[in-house]
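In: Sequence and computational prediction follow.
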Amino acid sequence: MTPDRSPSLAQAPAAAAEAVLAPQPLPVNTATADDHPRAVVRLLNIGHALDHLFILIFATAVGSIAAEFGFARWEDLMPYGVGAFFLFGLGSVPAGRLGDLWGRRPMMLVFFFGLGVAALVTSLAQGPWQLAAGLTLIGAFAAIYHPVGIPMLVQRARQPGAVIGLNGLAGNLGVAGAALLTGFLVQWLGWRAAFVVPGLASIACGVAFARLCPPQGEPPGRSRKPPAVVLPRALLMRALTVMSAAAVTGSLLFNFTTNGNTQFMVERFAGVIEDPALIGLLLAAVYAVASLAQVVVGRLIDRVPLKRLYLGIILAQIPWLLLAAVGQGWWLFVALTGAMVCIFGAIPFTDAMIVKYVDDRVRSRVAGMRLAVSFGISSAAVWLLGPVVKVSGFTTLFLLMAGIALCTAAVVLWLPSDRAVREAAAGGER
């Protein structure tokens, strides 16, 4: 294998387009059109749930960990988790390349076993820097899933939008699980168990995946499955640039909310609910309801023009975030649920654009570049969360997020028009 010369984050959209537009060799063996066996699909969806669960265990347990390590405030410990989110993004580039050139099945095995071992190592941390190292290791293995697991799932799908929507539901049930499972484990067994139990579960999934997922043949990088729509070069560059920019702003909202919602609800329910486990249950309910939006959006993606649907969901985020900024108690619960429905509902669009416009031969690499941009930059949200809340409070944070959503809407307006995409699909050029 030749050395990897990965592009910088700023060059990623252009590099992704070059990868798609590069001359394609004749396929040696095209992947079968049959869907994956159900057991494999279930494990791939469980993998998405575990991916999001692991990356958010720290945010849910931070109060207990801070107390044990001698921190007066949870906000002061939050910056130690930034390495996990930085590698969650940056690690997507080599993970995507290996998925295309080595194979997606072996990379998923590395994901399951590596994530489990990293969680067990993190549970042994005796101080903040050991914890930071363990969390960074979790981020490195968690980076594998999105550029490898999702392309593996959709490479044989006959209705990719619906498949992406269901997979998104699974991923965000993992977010809900982080709030619910971690809350109960911390209360009953301590924060270390919150890493050990999912770690063992991930290793068990790795064993099951090795047994149930048959060999996939040659790696995707040596075969070819054309995209659903072959765009002209200019439109493809534009679509990939918009996709990367919107993914950055969307990931900022996702990281700010999923990492801050536990403490946000603790603050806004003060005097109403004081039990951490009950707060975790309420937050899990918010995420479970919000996750259903991805199933609905996934089905709509197969039927409704992409740009119109995407823009509508982004614009709907703004009023809910403004209401959450000033909400208290049960009104806050309603507003936060609405905001998370719209934030989660926007997630499937970037994966849908990759499936629609990108050859499967390079799909993992393009996904990896996009994730490196979005998660690499949005990891700053984890580092900034504690200081911003400490200085300005959650009201300012949610007003800031409403402004970010407005920026996302402006970016989505630059997507190729539905008419241009239809003409491209019919063989015309704009």
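Out: Thanks, I have it. Owing to the predicted nature of the structure, the values given are computational and were not obtained by experimental measurement.
In: all contacts plus neighbour counts: C-alpha atoms, from now on.
Out: OK.
In: Distance of L322 relative to G393?
Out: 14 Å (Cα to Cα, to the nearest Å).
In: low-scoring stretches of the stretch 51-200 of the chain, by residue?
Out: For the stretch 51-200 of the chain, the stretches with pLDDT under 70 are 157-158.
In: the helices in it, which residues?
Out: 82-90, 92-101, 104-122, 128-142, 150-154, 160-189, 193-212 (DSSP state H, counting those that start in this stretch).
In: Of all those, which one comes closest to A72?
Out: helix 128-142 (13.4 Å; Cα to Cα).
In: helices and strands around the closest one, which ones?
Out: helix 38-68, helix 82-90, helix 104-122 (3 or more Cα pairs under 8 Å, 6 or more residues apart in numbering; DSSP states H and E).
In: Out of those, which one sits most buried?
Out: helix 82-90 (a mean of 25; mean count of other Cα atoms under 10 Å).
In: Number of residues surrounding K390?
Out: The tally of other residues near K390 (other Cα atoms under 10 Å) stands at 14.
In: Looking only at residue counts, what's the top helix in this structure?
Out: helix 233-268 (DSSP state H).
In: Determine the set of other helices and strands touching it.
Out: Helix 233-268 packs on helix 12-21, helix 38-68, helix 276-301, helix 329-345, helix 348-357, helix 363-392, helix 394-412, going by 3+ Cα pairs under 8 Å, 6+ apart.
In: and it, how far out from the chain's middle?
Out: 9 Å (Cα atoms, centre = their mean, to the nearest Å).
In: Quick one: residues contacting I347.
Out: By Cα atoms under 8 Å, 6 or more residues apart in numbering, the contact list for I347 reads 168, 250, 294.
In: Could you pull up the residues touching the last one?
Out: Translated: Q294. Neighbours of Q294 in contact, by Cα under 8 Å, 6+ apart: 165-166, 168-169, 344-348.
In: Turn those into CSV, including distance to A67.
Out: CSV is the format used below for the contacts of Q294 (distance: Cα to Cα, whole Å):
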residue, distance to A67
G165, 39
L166, 38
G168, 34
L169, 33
F344, 31
G345, 35
A346, 36
I347, 34
P348, 37
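In: okay, L322 and G393: which has more neighbours?
Out: L322 (20 against 15).
In: ok, so what distance separates M237 from M243?
Out: From M237 to M243 the distance is 10 Å (Cα to Cα).
In: Over to F269: give its phi and psi.
Out: With angles defined as degrees, to the nearest 10, F269 sits at phi -100, psi 10.
In: neighbours of the residue nearest to it when sequence neighbours are not counted, just the number please.
Out: Nearest residue to F269 in three dimensions, chain neighbours excluded: G329, at 4.9 Å (Cα to Cα, 6 or more residues apart in numbering). The local packing of G329 (other Cα under 10 Å) involves 16 other residues.
In: picking up where we left off before, nearest to L415, of the helices of the stretch 51-200 of the chain?
Out: helix 160-189 (18.4 Å).
In: Now do that closest one against helix 38-68, angle only.
Out: 40 degrees (axes from the mean of the first three to the mean of the last three Cα atoms, to 10 degrees).
In: quick one: buried residues of helix 160-189?
Out: For helix 160-189, the neighbour count (16 or more other Cα atoms under 10 Å) marks 160-187 as buried.
In: before we move on, back to that, just the closest of the contacts of I347 to M401, please.
Out: Among these, and counting by Cα to Cα, the member closest to M401 is G250, at 9.8 Å.
In: Contact partners for the closest one?
Out: G250 touches 343, 346-347, 405, 408, counting by Cα under 8 Å, 6+ apart.
In: and if you look at A293?
Out: Counting by Cα under 8 Å, 6+ apart, A293 has contacts 169, 341-342, 344-345.
In: Check what pLDDT it gets.
Out: pLDDT recorded at A293 is 83.
In: for the one 10 residues further on, same thing?
Out: The per-residue pLDDT reported for R303 equals 79.
In: coming back round to it: Serialize the contacts of G250 to TSV and add fields for pLDDT.
Out: Formatted as TSV, these follow (pLDDT from 0 to 100):
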residue	pLDDT
I343	91
A346	87
I347	81
A405	92
T408	90
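In: need these in a markdown table with distance to F88, can you?
Out: Output for the contacts of G250, formatted as a markdown table (distance: Cα to Cα, whole Å):
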| residue | distance to F88 |
| --- | --- |
| I343 | 19 |
| A346 | 20 |
| I347 | 16 |
| A405 | 22 |
| T408 | 22 |
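In: Can you tell me which of those residues is nearest V40?
Out: Closest to V40, out of all of the contacts of G250 and judged by Cα to Cα, is I347, at 22.7 Å.
In: what about S392, neighbour count?
Out: Count around S392 with other Cα under 10 Å applied: 10.
In: any idea how far G386 is from it?
Out: 10 Å.
In: same deal with F349?
Out: 29 Å.
In: and if you look at W331?
Out: Applying Cα to Cα to W331 and G386 gives a distance of 24 Å.
In: next one: M243
Out: 28 Å.
In: same deal with L137?
Out: 22 Å.
In: picking that back up, could the helices of the stretch 51-200 of the chain be laid out in TSV, adding distance to P305?
Out: Shown next, in TSV, are the helices of the stretch 51-200 of the chain (distance: least, Cα to Cα, whole Å):
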stretch	distance to P305
helix 82-90	29
helix 92-101	28
helix 104-122	30
helix 128-142	32
helix 150-154	20
helix 160-189	12
helix 193-212	36
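In: These: which one's closest to A39?
Out: helix 193-212 (6.9 Å).
In: If you count neighbours, what's buried in that closest one?
Out: Buried residues in helix 193-212 (16+ other Cα under 10 Å): 193-200, 202-203, 205-206, 208-210.
In: Surely G171 touches N45?
Out: Yes - with contact defined as Cα atoms under 8 Å, G171 counts as touching N45 (7.2 Å).
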